[in-house]
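J.: Predicted model and sequence below, questions to follow.
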Amino acid sequence: MAKGEVSKTTKYREQYQPSSYLIDRVDMLVELFESHAEIHSCLALRRNPLFTGAVEELRLDGEELELKSIAVNDQALPLSGYELQDAHLVIRQPAESFTLKTVVQIKPQDNTRLEGLYKSGSKFCTQCEAEGFRRITYFLDRPDVMSVYDVTIRADKNAYPALLGNGNPAGSGELPEGRHWARWHDPIPKPCYLFALVAGDFDLLEDSFTTMSGHPVALKIYVDKGKLDQCAHAMRSVKKAMQWDEEVYGREYDLDIYQIVAVSDFNMGAMENKGLNIFNTKYVLANEMTATDADYDGVEAVIAHEYFHNWTGNRVTCRDWFQLSLKEGLTVFRDQQFSMDMGSPTVKRLDDVRVIRTAQFSEDSGPMAHPIRPDSYVEMNNFYTVTVYNKGAEVIRMLHTLLGADGFRKGMDRYFERHDGQAVTCDDFVQAHADANQRDLEQFKRWYSQAGTPVINVSDHYDAANQRYTLTLKQHCPATPGQKEKQPFFIPFKIGLLDKAGNDLPLNWQSKDADDQAIYGREAVLPLQRAEQQFVFEHIGEKPLPSLLRDFSAPVKLRYDYSDEQLAFLLANDSSLFNRWDAAQQLVSRVMLNAAEQFRAGEEMRLPAIVTEALAAVLDNHQLDNALRARLLQLPDIGYLQELVEKIDIDALVAAQQFIKRRVAETLYQPLRDCFQRVRGATGLDGDSAGRRALANTCLGLLVDSTDAEAYQLAHAQLHEAKTMTDRFAALRALAHSAAPNRQQALDDFTHWYVDEALVMDKWFTVQATAPLASALQEVQKLEQHSAFDAKNPNKVRALWMAFSHANPAGFHRADGAGYQFIAERVARLNQSNPQLAARLVSAFNRWKRYDDDRQQLMLKELKALLTQSGLSPDVFEIVSKSVE
Ligand code: PHE
Ligand code: ZN
């Protein structure tokens, strides 16, 4: 095995063993130099009372470390006392308790994987989750080993005036030769994946927050020099998150200082290191002229997410990485709740649901399908997935629905009370809720163990003579890799019944199961627990129209035979605003899929009048808020449609989608134009202004889809006159995704304005990479040569290659296979420099079996070629080998 190459073996959840040793205290000295870094570590080790086996050796994790010295209890350890293996340091015959001192040398400057200690521009920073700490020093790199840390950092004072660590500051001073030091003490025991340090020269925004018990906390945000005018929103978001967690969960911050550092080179969104969060610049920097409203929301949500981890993740952490959803599903749920409270709850909810229905459903029906608590993995980094995160959050949301807000809070209180300071499992989490509410949640736990998306078939019957309405729900879940048969899930199924006037009927139902209570109200959560179950509603005076799975109360696929008219009625009347959106999506998706069928059959594609009438009514409905109206008018994209069909005929879907969009735009041109003129031009940062912008820009996008010359003019004018990035970028996007004669001019103008703003240039790359144009691939190839592109920078890779492969179906799936070839080559390159990112890129091929035979063959060819490549990382190997199976 080559140096630093890690084996491609599978790890199993069932094989969990407690660690043979614990590390109570860690004392580190980190010396940073231009050519290398030296890490001195002193670990206080002792036998773990929970470990029952014999202990002949202690295996510490360590990768790409050069060991300089090693001592046990301050005595240099002779060569016979230890062994250096490829990824381990083995101590022979360890005592019951002892201190281990090691000195290692590492090369952060050469670290392109961005795991462990690395350089981003001129700054040093770290990323240790999941298993990056072993690239800094020898350690028991597993989350159930929790330690108190003292860390001293030394570096050149001029180049690195800021030396930051976890916990509270514990001293600083000068050193000879222009160097200086700072010491940090973190009193709260933590797993090593939450370790962080930063050294660099930053601009700093400072503020403070006083917690509910009166404890002052210093808040600090560190950004690249010159970016101070892009930090205010992040700081506001921190304070809102701190206050919200106190109000809603009673959770208070626990250190004297909370720091955020923004770096340009980061594999993910951000990281919740204790007291020292490290963020991708994308989730910190924002001002009116650099960030869109969606970017603002993203910053607020991610800042909140990382802050909320302090309790859900840090104080109570995961026993092992199979339990990742313990912290991620829960923390995503908390950040979603927070965002719903900060803005429009319906809009936030439907945006989150869209992620489940596209990305998560796709993952759940493909070769990488896994339960939210996986049973095995080759490379943990591959399991930071939309299933663990977003479906994990849906599972927590179902628990919240079943227990009610108060019951859920009781369960959370019990969880913190019981497990603060511990590393625990998903079962522990559910048990705390079961105990606090005296509920049996055994069946509910299947959501943690079974993969796949349940399908619910609904049929109904109205018995007029007895005024009785019966809903029959049947659930089944398709097989997934390694799981043929599934047991029924416990599904909270929220419904309402509409009368002829569109009002909710009073519900009066009693399930046939003795243990269900009767529910009276206008909305009910039906507890579906068996493969087939009937729910009977009495005293229903007329045949109702059911409004099903309100708020997407469970992550399932719903089947019920609505007519077009019924969907249009729901869209116009449902008291559940979420279900109005859902009805619109169903109606338009159906029409698009029909058009795709017509295209396949060589017939003329048609747009039924009922769709344009329904959309016209939305444009006219001034009762609805603007942001929601905008969402109602957004037509489903290919990613959404793909999940509704068995076999994907990509050419037909693209043709149908373009046809329907254009026809809607032509038919509604005048009302769209009127609406646009009425609401455009809002400049404030408040929700109402953002809602106006959303509606105006949705209208503008559709107007441009009509290909009318006047629409191109409107977009061009907005591009130049815009007072916010939201408006400017919406105009750019409309033009860049059209065949407007001034398209290239618009793109050129935009680069001219923003060539020095990295995050804005990312948008510029993405808007071209996702353009539904025949020339997309050539454009992407050209853009790779642009001076602002950098294949070593994850944001750029995401902006160009990921955007093209994951969000440009027409371009990536070109019939000649050139899109596949292009991406496979990029995967092979990235496999060397940044395997984690390479694995995300190659997942574009995962669903190859769902396309036509020719495309299947073309994709399979690329996957097989990748498998034979030498030096294939475990990351890419796992994804590719599972896909070709
Ligand atoms: N734990 C981070 C979060 O979701 C995500 C992350 C994982 C970042 C792994 C870096 C590496 O908040
Ligand atoms: Zn997280």
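T.: Structure received. Numbering: from 1, shown residues only. Ligands and ions are numbered 1, 2, ... in the order given.

J.: Please count neighbours and contacts with C-alpha atoms only from this point.
T.: Noted.

J.: By residue count, what's the longest helix in the protein?
T.: helix 392-419 (DSSP state H).

J.: tell me what that one is packed against?
T.: Packed against helix 392-419, as judged by 3 or more C-alpha pairs under 8 Å, 6 or more residues apart in numbering; DSSP states H and E, are the following elements: helix 232-249, helix 324-342, helix 426-437, strand 491-498.

J.: Out of these, flag the one nearest Val72.
T.: With C-alpha to C-alpha, the closest approach to Val72 among those belongs to helix 324-342: 33.9 Å.

J.: In the closest one, which residues are buried?
T.: Neighbour counts over helix 324-342 (16 or more other C-alpha atoms under 10 Å) mark 324-339, 342 as buried.

J.: likewise stretch 551-566?
T.: Within stretch 551-566, the residues that qualify as buried by neighbour count (16+ other C-alpha under 10 Å) are Asp551, Phe552, Ser553, Ala554, Pro555, Val556, Lys557, Leu558, Asp564.

J.: for it, the distance to its chain's centre please.
T.: 25 Å (C-alpha atoms, centre = their mean, to the nearest Å).

J.: Mind exporting the C-alpha coordinates of it to PDB?
T.: What follows is stretch 551-566, C-alpha atoms only, in PDB (Å, rounded to 0.1, in the frame of the first residue of the first chain):
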ATOM      1  CA  ASP A 551     -47.000  19.900   5.200                       C
ATOM      2  CA  PHE A 552     -45.400  16.800   3.900                       C
ATOM      3  CA  SER A 553     -45.900  15.200   7.400                       C
ATOM      4  CA  ALA A 554     -43.700  12.200   6.400                       C
ATOM      5  CA  PRO A 555     -41.000  11.700   3.800                       C
ATOM      6  CA  VAL A 556     -43.000   9.400   1.500                       C
ATOM      7  CA  LYS A 557     -44.400   9.300  -2.000                       C
ATOM      8  CA  LEU A 558     -48.100   9.700  -2.200                       C
ATOM      9  CA  ARG A 559     -50.400   8.200  -4.700                       C
ATOM     10  CA  TYR A 560     -54.000   9.300  -5.100                       C
ATOM     11  CA  ASP A 561     -56.000   9.800  -8.200                       C
ATOM     12  CA  TYR A 562     -56.800  13.400  -8.300                       C
ATOM     13  CA  SER A 563     -58.400  14.900 -11.400                       C
ATOM     14  CA  ASP A 564     -56.900  18.100 -12.900                       C
ATOM     15  CA  GLU A 565     -60.000  19.900 -11.700                       C
ATOM     16  CA  GLN A 566     -59.500  18.700  -8.200                       C
END
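
J.: Contacts for it, please.
T.: 349, 353, 356, 391, 394-395, 397-398, 401, 453-459, 491-494, 545, 549, 576, 578-579, 587, 610 (C-alpha atoms under 8 Å, 6 or more residues apart in numbering).

J.: First-to-last residue distance for stretch 569-579?
T.: In stretch 569-579, first residue to last residue: 11 Å (C-alpha to C-alpha, to the nearest Å).

J.: start the count at 10, not 1, going forward
T.: With 10 as the first residue, the last one maps to stretch 578-588.

J.: Give me the mean pLDDT for it.
T.: The average pLDDT for stretch 578-588 rounds to 98.

J.: ok, now stretch 406-416?
T.: Rounded mean pLDDT across stretch 406-416 is 97.

J.: For that stretch, buried residues please.
T.: Buried, per 16+ other C-alpha under 10 Å, within stretch 406-416: Arg406, Met407, Leu408, His409, Thr410, Leu411, Leu412, Gly416.

J.: that older thread, can the longest helix of the chain be found next to ligand 1?
T.: No: under the criterion of C-alpha under 6 Å from any ligand atom, helix 401-428 makes no contact with ligand 1; the nearest approach is 12.1 Å.

J.: Would you indicate which residues of stretch 689-699 are buried?
T.: Buried, per 16+ other C-alpha under 10 Å, within stretch 689-699: Arg689, Gly690, Ala691, Thr692, Asp697, Ser698, Ala699.

J.: how about the residue of the stretch 310-459 of the chain found nearest ligand 1, what does it touch?
T.: The nearest approach of the stretch 310-459 of the chain to ligand 1 comes at Glu315, 5.4 Å away (C-alpha to the nearest ligand atom). By C-alpha under 8 Å, 6+ apart, the contact set of Glu315 is Ala279, Met280, Glu281, Asn286.

J.: Would you format these as JSON lines with pLDDT and secondary structure included?
T.: Shown next, in JSON lines, are the contacts of Glu315 (pLDDT from 0 to 100; DSSP: H, G, I helix; E, B strand; the rest coil):
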{"residue": "Ala279", "pLDDT": "99", "secondary structure": "strand"}
{"residue": "Met280", "pLDDT": "99", "secondary structure": "strand"}
{"residue": "Glu281", "pLDDT": "99", "secondary structure": "coil"}
{"residue": "Asn286", "pLDDT": "99", "secondary structure": "strand"}
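
J.: if we can go back for a sec, show me which of the buried residues of stretch 406-416 is closest to Gln790.
T.: Taking C-alpha to C-alpha as the measure, Gln790 lies nearest Arg406 of the buried residues of stretch 406-416, at 42.7 Å.

J.: And the pLDDT for the nearest residue to the closest one once chain neighbours are set aside?
T.: Nearest residue to Arg406, sequence neighbours excluded (C-alpha to C-alpha, 6 or more residues apart in numbering): Phe342, at 6.7 Å. Listed pLDDT for Phe342 reads 99.

J.: Is it correct that Phe342 is in contact with Ala402?
T.: Yes: if you go by C-alpha atoms under 8 Å, Phe342 and Ala402 touch, sitting 4.6 Å apart.

J.: still on that earlier bit, quick one: the longest helix of the chain to helix 333-351, angle?
T.: 110 degrees (axes from the mean of the first three to the mean of the last three C-alpha atoms, to 10 degrees).

J.: Next, the angle from helix 401-428 to helix 241-258.
T.: Angle between the axes of helix 401-428 and helix 241-258 is 60 degrees (criterion: the same axes, to 10 degrees).

J.: any idea how far whichever helix or strand comes after helix 401-428 is from the chain center?
T.: Note on helix 401-428: by DSSP states H and E, the next helix or strand toward the C-terminus is strand 432-433. Remark: strand 432-433 is offset 23 Å from the chain centroid, using C-alpha atoms, centre = their mean.

J.: and what of stretch 350-360?
T.: 16 Å.

J.: Just the buried positions in it, please.
T.: Those buried within stretch 350-360 under the rule 16+ other C-alpha under 10 Å are Met351, Ser353, Pro354, Thr355, Val356, Lys357, Arg358, Leu359.

J.: top of the contacts of Glu315 by neighbour count?
T.: Met280 (26 neighbours; other C-alpha atoms under 10 Å).

J.: gap between that residue and Glu138?
T.: For Met280 relative to Glu138 (C-alpha to C-alpha), the value is 8 Å.

J.: before we move on, what about Ala271?
T.: Counting by C-alpha to C-alpha - Ala271 and Glu138 are separated by 17 Å.

J.: Also His409?
T.: Applying C-alpha to C-alpha to His409 and Glu138 gives a distance of 28 Å.

J.: again with Glu92
T.: 26 Å.

J.: Could you check which of these two is surrounded by more residues?
T.: Taking neighbours as other C-alpha under 10 Å, Glu92 and Glu138 compare with Glu138 leading, 23 against 13.

J.: you'd agree the more buried one is up against Tyr202?
T.: Yes: in this structure, Glu138 is within contact of Tyr202 by C-alpha under 8 Å, at 4.6 Å.

J.: of all of the stretch 160-309 of the chain, which residue lies closest to ligand 1?
T.: Closest point on the stretch 160-309 of the chain to ligand 1, by C-alpha to the nearest ligand atom, is Met280, at 4.4 Å.

J.: any low-confidence regions in the protein?
T.: For the chain, applying pLDDT under 70 flags the ranges 10-15, 519-529.
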